[in-house]
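>>> Make a model of this:
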Amino acid sequence: MILPQHAKTRILIVDDSSFMRMAIRSVLSKEPTFDIVGTAADGIEGVEKAIALKPDLITMDVEMPRMDGIAALKQIMAKAPTKVIMVSTLTNEGAKSTFEALDAGAIDYIPKNVTDSSDAQNIFRQELMRKVKEAIASRFRRITGTVPSTARPATSPTSAPPRPTSSKFLGKKIQYVGIGASTGGPVALQEVLSRIPVNFPYGIMVGIHMPKAFTGPYADRLNAKCSMAIREAVDGDILKPGLALIAPGGMHTTLARQGSHIVVKVQPTSAYPQYVYIPSVDLMLSSMAEATGGSMLGVILTGMGNDGFKGMQLLKQKGGVTIAQDEATSTIYGMPKACVDGGVADEVLPLGQIGFEISKFM
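As a prediction, the model looks like this:
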């Protein structure tokens, strides 16, 4: 639904903590285009108010009495589909619940600040406002059709998969794959990696904007759902065939050549203060393009902003191959759009085709 330009965005806040309800209301009330239409103290009340008030957006706590946020989200998606941002704790369990919520239709998430640190509270306030604005601008849709690993046979090492069908890819040689994503990325990346067979002959490096506590559980989740091996990267890791590494959250990741290997270097954010997004996709792809001499495929998926454009630009200059997700299947078209508008995307593909296209480079 497209709102008239003069209309305010109607927001419902669902959280069992009265402090968090007041804190979220206080932050969002400062935006004149937002209208807080109600609050709820648990999932049952949240579902009832979602149906009755018909908000444009809901912030939903994960852990609540009577009915938790996941159960409430599923009922809302069934009875009154609405954009939902999950508010989750920075814990392993909080991360697992968050990814379950994204699979169930939540559009994004924000880690809940539970400390008294003024810096942490300021970060939460800024992130909350940014995430809400991004969600409002996002495409409200459900990503479906991800193939479970048990239903997808691995490609035989002795088989001869078809070469890329795009004329732009003919004759192109790659040795590595770099993928970047942000808002909408957790579900999109699962869709892409689930299409890549276990015997994929090139190493994959992934950068996705996530907090430190989330990237490990996210990598474990992908590893359980996809054929190829997937785990969180650590300093000194080597990119290897059939392995996808997830850049750890809360810090930057660069790639460097050491002899015949491409090696992961985990870097503190203070070393690269010019990069706003963490982990930086631009930094990851740029260093990877340098380390590989351009013999790689760069892929940019859904996300707000333009992180990844400069990395893809350098990759193109070095003769690499690039793919961007199309607008129709992107939750937020910002990152792919920057690549398309900047002329650095060889192909613009719907989400469901990207994993298959990557596999054709075997």
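>>> Looks like Arg221 contacts Leu102 (just checking).
No - using C-beta atoms under 8 Å, Arg221 makes no contact with Leu102, being 10.1 Å away. Yep, even glycine has a C-beta here, placed from its N, CA and C like the rest.
>>> Same drill for the two, tell me which one is more crowded.
Using other C-beta atoms under 10 Å, the more surrounded residue of Arg221 and Leu102 is Leu102, with 22 against 18.
>>> where does the more buried one fall, phi/psi-wise?
Note on Leu102: backbone dihedrals following degrees, to the nearest 10 are phi -60, psi -40.
>>> Test for you: state the pLDDT assigned to it.
For Leu102, the model assigns a pLDDT of 92.
>>> got the contact list for it?
86, 108-109, 186-187 (C-beta atoms under 8 Å, 6 or more residues apart in numbering).
>>> hey, where'd the helices end up in the stretch 201-350 of the chain?
212-225, 281-292, 309-317, 334-341 (DSSP state H, counting those that start in this stretch).
>>> ok, now which ones touch Thr292?
Thr292 neighbours (C-beta under 8 Å, 6+ apart): 175-176, 255, 257, 262, 320.
>>> out of the contacts of Leu102, which is most surrounded?
Met86 (28 neighbours).
>>> Quick one: work out the angle between the longest helix seen in the chain and helix 334-341.
Assignment by DSSP state H gives helix 118-137 as the longest helix of the chain. Helix 118-137 runs at 60 degrees relative to helix 334-341, counting by axes from the mean of the first three to the mean of the last three C-alpha atoms, to 10 degrees.
>>> State the mean pLDDT of helix 118-137.
Rounded mean pLDDT across helix 118-137 is 87.
>>> got it, and stretch 284-291?
98.
>>> Not counting it itself, show me its contacts.
176, 178, 180, 205, 207, 247, 252-257, 262, 265, 296, 298, 308, 310-312, 314-315, 318, 320.
>>> What of stretch 125-145?
Residues outside stretch 125-145 that contact it (C-beta under 8 Å, 6+ apart): 9, 11, 24, 27-28, 30-31, 34, 56-57, 59, 77, 81, 83, 85, 105, 107-111, 183-184, 187-188, 191, 304, 329-333, 351-352.
>>> Now which of those would you call buried?
Buried members of the contacts of stretch 125-145, scored by 16 or more other C-beta atoms under 10 Å, are 9, 11, 24, 27-28, 34, 56-57, 59, 77, 83, 85, 105, 107-111, 183-184, 187-188, 191, 304, 329-333, 351-352.
>>> Which of those residues fall within strands?
9, 11, 34, 57, 59, 83, 85, 108-111 (DSSP state E).
>>> Next, format those as CSV and append distance to Ala289.
Shown next, in CSV, are those (distance: C-beta to C-beta, whole Å):
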residue, distance to Ala289
Thr9, 40
Ile11, 41
Phe34, 41
Leu57, 38
Thr59, 38
Lys83, 36
Ile85, 34
Asp108, 29
Tyr109, 30
Ile110, 32
Pro111, 31
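>>> ok, Ser97 touching Gly69?
Yes - between Ser97 and Gly69 there is a contact at 7.4 Å, judged by C-beta under 8 Å.
>>> who has more neighbours, the two?
Neighbours were counted for Ser97 and for Gly69 using other C-beta under 10 Å; Gly69 has more, 31 against 21.
>>> who touches the more buried one in this structure?
14, 43, 46, 60-63, 86-87, 97, 101.
>>> just checking, Val340 touches Ala324?
Yes - between Val340 and Ala324 there is a contact under C-beta under 8 Å: 5.5 Å.
>>> thinking again about what came up before, can I get the contacts of Gly69 in a markdown table with distance to Asp282 and secondary structure?
Output for these, formatted as a markdown table (distance: C-beta to C-beta, whole Å; DSSP: H, G, I helix; E, B strand; the rest coil):
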| residue | distance to Asp282 | secondary structure |
| --- | --- | --- |
| Val14 | 36 | strand |
| Gly43 | 39 | helix |
| Gly46 | 38 | helix |
| Met60 | 32 | strand |
| Asp61 | 33 | strand |
| Val62 | 31 | coil |
| Glu63 | 35 | coil |
| Met86 | 27 | strand |
| Val87 | 28 | strand |
| Ser97 | 30 | helix |
| Ala101 | 28 | helix |
